[in-house]
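Trainee: model the structure of this input:
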Amino acid sequence: MSVQEHAVLIVGAGFAGLGMAIRLRRDGIDDFAILERADAVGGTWRDNRYPGCACDVPSHLYSYSFEPNPRWTRAYAPWHEIRDYLEHCVRKYRLGPHLRFGAALREARWDATAGRWQVLTADGRRFSAPVLIAGLGGLSNPALPRIEGIERFAGLSVHSAAWPDGLDLTGRRVAVIGTGASAIQLVPQLAGRAAQVDLYQRTPAWVLPKGDRALHDWERRLFARWPFAQRIARGASYWLHEARAIPLVQRPRWLRVGEAEARRHLRRQIADPALRARLTPDDALGCKRVLLSNDYYPALARPDVELVSEAIREITPRGVVTADGHERAADVLVWCTGFRVQGRLPAGTLVGRDGLDLRDAWEQASEAYLGTTVAGFPNLFLLNGPNTGLGHTSVLLMIEAQLAYIGDALRTLRERGLRSVEVRREAQDAYNAELQRRLAGTAWASGCRSWYLDRNGRNTVIWPGFTFEFRRRTRRFDAGAYRLEPAAP
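Mentor: Residues are numbered from 1 along each chain as shown. Sure, this is the predicted structure:
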């Protein structure tokens, strides 16, 4: 099969990959391909479509800054509006001809002789480019817990991130496993529709009120006619949410104010003191992901919803057995058990200089420089890389900062006539040592066990600061941190 050659290859067609493609076009680079494993764009908003699925970041912050969306219908956008927004961006910026669907990455290997990445997809297509940009998509690989008997269940078993179209659970007995961000949106939609909902909780989460509401027609008309009004709304929302980083990063004691509000929210919505006790976390607010909902607690107070706090011992063909030996019958298992975030890699094998596999490079800890480049991997750029996650605002702010950094790196490659750029090991090590020092004094290091931490207790997910700090650090490509290889004469 012939090799398709391009100047740049992008892996993934979610917010990160599409944003990168738009940046390339704006910078005058039109010779690129976007490799997408699925048959449509959207990333997590293509895959997560369970009832009630919506963003937990305000709509005006959950769009590209250069492409505001005046058509949002709610303060927190539902999944299908976000998917539609991304499809709109594909049309507006004419990205369709660059998309290669069904192109799951099998292997990407740096060819030092040619100075190019040689890429093979699962369906046998071959691509080649001097630059490879990979979106890591932190919420793209569903996780299942290791529970005995999962494969023996005789009913329907679905993960919230792979919800079948048209699935109707009316009148059925549903077991929901997990009480994270997906479950608190899904359970209220099932309550009153399913015959019985059993919600299996390992540990409770802090839940705060969600400031959601329908946006009025006049607001949408205002934003469409006067875009500056939406920019003002976005700016106000940005600084309001940016301020929330202060207690998380600099003043963890201030989180007691938020914890008191979460306790009031729980008291207002749950009258039963025993149930309230089971829904009250032991860890400090902010140590794990803080959830937002107005209808989760009322759903748990219903007679047809049971909160099960005992650990799951096994799954049987008929249902779920807990540690106390009690078996609860179920027709459907719904896994709201999140994603494989730790150690996430671009799908397939990624091999850099001197045969270094990224899996081996990240065996002890997932590390990158500015969450974007990795020592030993020339001309490889990551989006949503290690320590670019946030606990207080929209991750799109981090993505856009990375887009600017990568765009400037590509400009440096062109203008200096370079063959490759590769971050120096000492620069990467110093940067990650600084990150871990800063993380040690934050709310995320207050003692709980969360998916932010790897098996060694190292936080490889969260950026320990304000987004404007990261944007400042990535505004220009800092060539001094890199090995610059000139092009062959």
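
Trainee: quote the end-to-end distance of stretch 281-301.
Mentor: By C-alpha to C-alpha, to the nearest Å, the extent of stretch 281-301 from end to end equals 18 Å.

Trainee: can you check stretch 481-489 too?
Mentor: With C-alpha to C-alpha applied, stretch 481-489 spans 24 Å between its terminal residues.

Trainee: what of stretch 88-98?
Mentor: Start-to-end, stretch 88-98 (C-alpha to C-alpha) is 15 Å.

Trainee: report the buried residues of it.
Mentor: Neighbour counts using 16 or more other C-beta atoms under 10 Å place 89-90, 93, 95, 98 of stretch 88-98 among the buried residues. No exception for glycine: its C-beta is placed from N, CA and C like everyone else's.

Trainee: now the residues you listed as CSV including distance to residue 318?
Mentor: As requested, those are exported to CSV (distance: C-beta to C-beta, whole Å):
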residue, distance to residue 318
89, 47
90, 46
93, 52
95, 48
98, 50
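
Trainee: which of the residues you listed sits closest to residue 273?
Mentor: Nearest to residue 273, judged by C-beta to C-beta, of these is residue 89 at 49.1 Å.

Trainee: residue contacts, the closest one?
Mentor: Residue 89 sits next to 18, 22, 64, 67, 95 when contact means C-beta atoms under 8 Å, 6 or more residues apart in numbering.

Trainee: okay, and the first one sits in which element?
Mentor: Residue 18 is located in helix 15-26, with elements delineated by DSSP states H and E.

Trainee: what about that helix, distance to the chain center?
Mentor: 17 Å (C-alpha atoms, centre = their mean, to the nearest Å).

Trainee: against which helices or strands is it packed?
Mentor: Using 3 or more C-beta pairs under 8 Å, 6 or more residues apart in numbering; DSSP states H and E as the contact criterion, the elements in contact with helix 15-26 are strand 8-11, strand 32-36, helix 79-92, strand 131-135, strand 380-383, helix 396-415.

Trainee: how about it: buried residues?
Mentor: Neighbour-count burial for helix 15-26 flags 15-24 (criterion: 16+ other C-beta under 10 Å).

Trainee: and of the helices and strands packed on helix 15-26, who's closest to residue 198?
Mentor: For these, proximity to residue 198 was assessed by C-beta to C-beta; helix 79-92 is nearest, at 24.9 Å.

Trainee: show me where the chain has helices.
Mentor: Using DSSP state H, the helices of the chain run over residues 15-26, 44-47, 79-92, 181-190, 217-225, 227-243, 245, 255-269, 273-278, 296-300, 358-361, 396-415, 425-439, 467-473.

Trainee: weakest of those helices by average pLDDT?
Mentor: If the helices of the chain are sorted by mean pLDDT, helix 245 sits at the bottom with a mean of 88.

Trainee: what is the burial count for the nearest residue to residue 354 once chain neighbours are set aside?
Mentor: Nearest residue to residue 354, sequence neighbours excluded (C-beta to C-beta, 6 or more residues apart in numbering): residue 376, at 7.3 Å. Look at residue 376: counted by other C-beta atoms under 10 Å, it has 20 neighbours.

Trainee: what's the straight distance from one end of stretch 108-124 to the other?
Mentor: One end of stretch 108-124 to the other measures 13 Å (C-alpha to C-alpha).

Trainee: do the same with stretch 50-69
Mentor: Start-to-end span of stretch 50-69 (C-alpha to C-alpha) is 23 Å.

Trainee: related to what we said a few turns ago, between the buried residues of helix 15-26, which is nearest residue 182?
Mentor: For the buried residues of helix 15-26, the closest approach to residue 182 (C-beta to C-beta) belongs to residue 15, at 18.5 Å.

Trainee: next up, the contacts around the closest one.
Mentor: Residue 15 touches 43, 64, 86, 396, 399, counting by C-beta under 8 Å, 6+ apart.

Trainee: ok, now how distant is residue 334 from residue 424?
Mentor: Per C-beta to C-beta, to the nearest Å, residue 334 is found 47 Å from residue 424.

Trainee: neighbour count winner among the two?
Mentor: Between residue 334 and residue 424, counting by other C-beta under 10 Å, residue 334 is the more crowded of the two (28 against 15).

Trainee: bridging residues for that one?
Mentor: Note on residue 334: beta-bridge partners residue 158, residue 176, judged by DSSP bridges.

Trainee: so what touches stretch 228-244?
Mentor: 57-58, 60-61, 65, 68, 70, 222-223, 392-394, 397, 466-468.

Trainee: run the last query once more with 10 Å
Mentor: 57-63, 65, 68-70, 72, 75, 219-220, 222-224, 226, 255, 258, 286, 290, 390-394, 397, 466-468 (C-beta atoms under 10 Å, 6 or more residues apart in numbering).
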